[in-house]
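>>> Got a predicted structure here, sequence first:
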Protein chains: 2
Amino acid sequence: MIHPNMATMLATVATNAAVEGDALQALLTRCVEQSFNAISVDGDCSTNDTVILVATGQGNAIVPGTDAFATLENAVAYVCQELAKKIARDGEGAKHLIEVVVQGLETDALARKAARAVASSNLVKAAVHGGDPNWGRIVGALGALGVPGLDQASVSICGTTVLNKGVPTPFDERLVSQSMNEPEVRFDIVLTGPGRGMAWGCDLTEEYVKINADYRS
Amino acid sequence: MIHPNMATMLATVATNAAVEGDALQALLTRCVEQSFNAISVDGDCSTNDTVILVATGQGNAIVPGTDAFATLENAVAYVCQELAKKIARDGEGAKHLIEVVVQGLETDALARKAARAVASSNLVKAAVHGGDPNWGRIVGALGALGVPGLDQASVSICGTTVLNKGVPTPFDERLVSQSMNEPEVRFDIVLTGPGRGMAWGCDLTEEYVKINADYRS
């Protein structure tokens, strides 16, 4: 890319365990799906993102199917997720990390896709910037993706239920708006289905536009 | 929706021709793909857009496969495209209409999809707002979509070639930036293939954020 602000993400994670290459790659792919591939700053993917997991082999040998392997995978997943959240939190002009949790839908992958659609919506991101508990925009982002069963959806904003099985719930807008002033704003969406997914994004601010429009002047 | 600013688009187009219903629906579907379905203000689809084409039947009978039908289709396509462009031009806080023309790719539908990805990119939209002839963001939006053959792509901004078959072309940045001050900013992307598609969007401005973040205060 000709502009250094066209972020190319490079992440390297290391373990001293001795793990066979294919098993390590499969582990990393699972972890990346739930971390780096679940964030969005502005929907504009860099075309050459890279995540590398290095096993130096100086420690214990760990093989798939063991408790040790599960522990390693949980550790790598945690590290990847924390790094990914830092990227979203550090988005140009961002004031808030947005965390979206979708419980329901047929598979984890579909739930993650739905969560990412909410976290990527310009209207949702602007609402977070304005401290606006606008659940219509959340449901709108899910509807545009074609998510089924929205008439039974429940939505919470920073822990307060605002939509309960498709029925708007009276809530104190001033209080919920205040809770959206925190550095992390969380949306919980509950549908019917076993899949679960999370995604992270950041709010859309005037500074984002300034940084990306006027960075050369 | 609970917020009247969650734009629901309703369009009605009428002709006095007498056309059979199925033929009229097929004609409209083709026209909508190249007009209303080819614009984006912020990537947030309304979930209940509607376009209706009414034929009153008071005029001549027109049947598919005739010159008269082709003329009718061209007329409806023109009207739909002009209406759609007005919507993009009228986007919240927008100062510019962005017109993207993709020549190349395998089919018209793929070319339209590619054009829409460019017109929808927040980074491209911010660059237009800043008068920044940033072809890297255009190619980046195409790359993120997985468009093939980008190493042979040519890109023009408001008529000035800035990338020629994959090779950056020296150009007067000040002059091209000035040409981006016009109300309409056009990007031409040429790849290898028979498909051709157009899409329209608008620039991303601080006003967009203000309108969508603080509209209730």
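It's in.

>>> contacts and neighbour counts: CA atoms only from here.
OK.

>>> where's the closest residue to residue A:130 other than its chain neighbours relative to residue B:131, distance?
Nearest residue to residue A:130 in three dimensions, chain neighbours excluded: residue B:213, at 4.1 Å (Cα to Cα, 6 or more residues apart in numbering or on different chains). Using Cα to Cα, to the nearest Å, we find residue B:213 at a distance of 24 Å from residue B:131.

>>> Regarding chain A, what is its longest helix?
Ranked by number of residues, the top helix in chain A under DSSP state H is helix A:67-89.

>>> For chain A, what lies in contact range of chain B?
Listed as neighbours of chain B in chain A under the rule Cα under 8 Å from any Cα of the partner chain: A:1-3, A:6, A:42-47, A:121-123, A:126-132, A:136-137, A:140-141, A:143-144, A:204-207, A:209-210, A:212-214.

>>> Just the buried ones from those, in PyMOL syntax?
Listed next is the PyMOL selection for buried residues among the residues of chain A next to chain B, using 16 or more other Cα atoms under 10 Å in any protein chain shown:
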select buried, chain A and resi 6+42+43+44+45+46+47+121+122+123+126+127+128+129+130+131+132+136+137+140+141+143+204+205+206+209+210+212+213
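
>>> can you tell me which of the residues of chain A next to chain B are in helices?
Counting by DSSP H, the residues of chain A next to chain B place A:122-123, A:126-129, A:136-137, A:140-141, A:143-144, A:206-207, A:209-210, A:212-213 in helices.

>>> where does chain A have low pLDDT?
Scanning chain A for pLDDT under 70 picks out A:1-8, A:45-47, A:216-217.

>>> At which residues are the strands of it located?
Assigned by DSSP state E, chain A shows strands spanning A:10-15, A:50-55, A:97-103, A:154-157, A:160-164, A:167-168, A:184-190, A:196-202.

>>> would you turn those strands into JSON lines with distance to residue B:169 and mean neighbour count?
Listed next are the strands of chain A as JSON lines, based on distance: least, Cα to Cα, whole Å; neighbours: other Cα atoms under 10 Å in any protein chain shown:
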{"stretch": "strand A:10-15", "distance to residue B:169": "29", "mean neighbour count": "12"}
{"stretch": "strand A:50-55", "distance to residue B:169": "29", "mean neighbour count": "15"}
{"stretch": "strand A:97-103", "distance to residue B:169": "40", "mean neighbour count": "25"}
{"stretch": "strand A:154-157", "distance to residue B:169": "50", "mean neighbour count": "22"}
{"stretch": "strand A:160-164", "distance to residue B:169": "54", "mean neighbour count": "19"}
{"stretch": "strand A:167-168", "distance to residue B:169": "56", "mean neighbour count": "14"}
{"stretch": "strand A:184-190", "distance to residue B:169": "44", "mean neighbour count": "21"}
{"stretch": "strand A:196-202", "distance to residue B:169": "36", "mean neighbour count": "28"}
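
>>> would TSV of the ones you listed with distance to residue B:183 be doable?
Shown next, in TSV, are those (distance: least, Cα to Cα, whole Å):
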stretch	distance to residue B:183
strand A:10-15	38
strand A:50-55	39
strand A:97-103	34
strand A:154-157	39
strand A:160-164	41
strand A:167-168	42
strand A:184-190	37
strand A:196-202	30
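
>>> okay, which residue of chain A is out on the far edge from center?
residue A:58 (33.2 Å; Cα atoms, centre = their mean).

>>> List the backbone torsions phi and psi for that one.
Main-chain dihedrals, residue A:58, degrees, to the nearest 10: phi -80, psi -20.

>>> does it really touch residue A:14, like I thought?
No: counting by Cα atoms under 8 Å, residue A:58 sits too far from residue A:14 to count as a contact (11.5 Å).

>>> Show me which positions of the longest helix of chain A end up buried.
In helix A:67-89, counting by 16+ other Cα under 10 Å, buried: A:69, A:72-73, A:76-77, A:80-81, A:83-85, A:87-89.

>>> now for it, which elements pack on it?
strand A:10-15, helix A:21-33, strand A:97-103, strand A:196-202 (3 or more Cα pairs under 8 Å, 6 or more residues apart in numbering or on different chains; DSSP states H and E).

>>> what about residue A:213, distance to residue A:96?
21 Å.

>>> same thing with residue A:185?
7 Å.

>>> Spell out which residues are contacts of both of the two.
Common neighbours of residue A:185 and residue A:96 (criterion: Cα atoms under 8 Å, 6 or more residues apart in numbering or on different chains): residue A:128.

>>> follow-up on the earlier one: of all the helices and strands packed on helix A:67-89, which one comes closest to residue A:153?
strand A:97-103 (10.0 Å; Cα to Cα).

>>> so what's residue A:68 closest to, chain neighbours aside?
Distances taken as Cα to Cα, 6+ apart place residue A:62 nearest to residue A:68, at 6.4 Å, with adjacent residues excluded.

>>> Now do the same contact list for the residue farthest from the centre of chain A.
By Cα under 8 Å, 6+ apart, the residues touching residue A:58 are A:16, A:17, A:18.

>>> need those in CSV with distance to residue A:150 and neighbour count, can you?
Converted to CSV, the contacts of residue A:58 look like this (distance: Cα to Cα, whole Å; neighbours: other Cα atoms under 10 Å in any protein chain shown):
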residue, distance to residue A:150, neighbour count
A:16, 46, 13
A:17, 45, 18
A:18, 46, 17
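
>>> Export those as TSV, with columns for distance to residue A:29.
Output for those, formatted as TSV (distance: Cα to Cα, whole Å):
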residue	distance to residue A:29
A:16	19
A:17	18
A:18	18
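
>>> Pick the one among the residues you listed closest to residue B:160.
The closest of these to residue B:160 turns out to be residue A:16 (Cα to Cα; 53.7 Å).

>>> Just to check, the closest one is in contact with residue A:59?
Yes: in terms of Cα under 8 Å, residue A:16 counts as a neighbour of residue A:59; the distance is 5.0 Å.

>>> which residues are common contacts for those two?
Joint contacts of residue A:16 and residue A:59 (Cα under 8 Å, 6+ apart) do not exist.

>>> and residue A:142, how far is that from residue A:132?
Look at residue A:142 and residue A:132: by Cα to Cα, they are 18 Å apart.

>>> Same question for residue A:148.
Distance, residue A:148 to residue A:132, by Cα to Cα: 25 Å.

>>> try residue A:149
Taking Cα to Cα, one finds residue A:149 at 25 Å from residue A:132.

>>> Now residue A:112. Nearest residue, chain neighbours left out?
residue A:197 (4.0 Å).

>>> Also residue A:43?
The shortest distance from residue A:43 to any non-neighbouring residue, by Cα to Cα, 6+ apart, is to residue A:120 (6.2 Å).

>>> who touches that neighbour in this structure?
A:40, A:41, A:42, A:43, A:201.

>>> Check residue A:167 too.
Counting by Cα under 8 Å, 6+ apart, residue A:167 has contacts residue A:152.

>>> 10 Å - rerun?
Listed by Cα atoms under 10 Å, 6 or more residues apart in numbering or on different chains, the contact set of residue A:167 reads A:151, A:152, A:153, A:154, A:155.

>>> Thanks a lot, see you next time.
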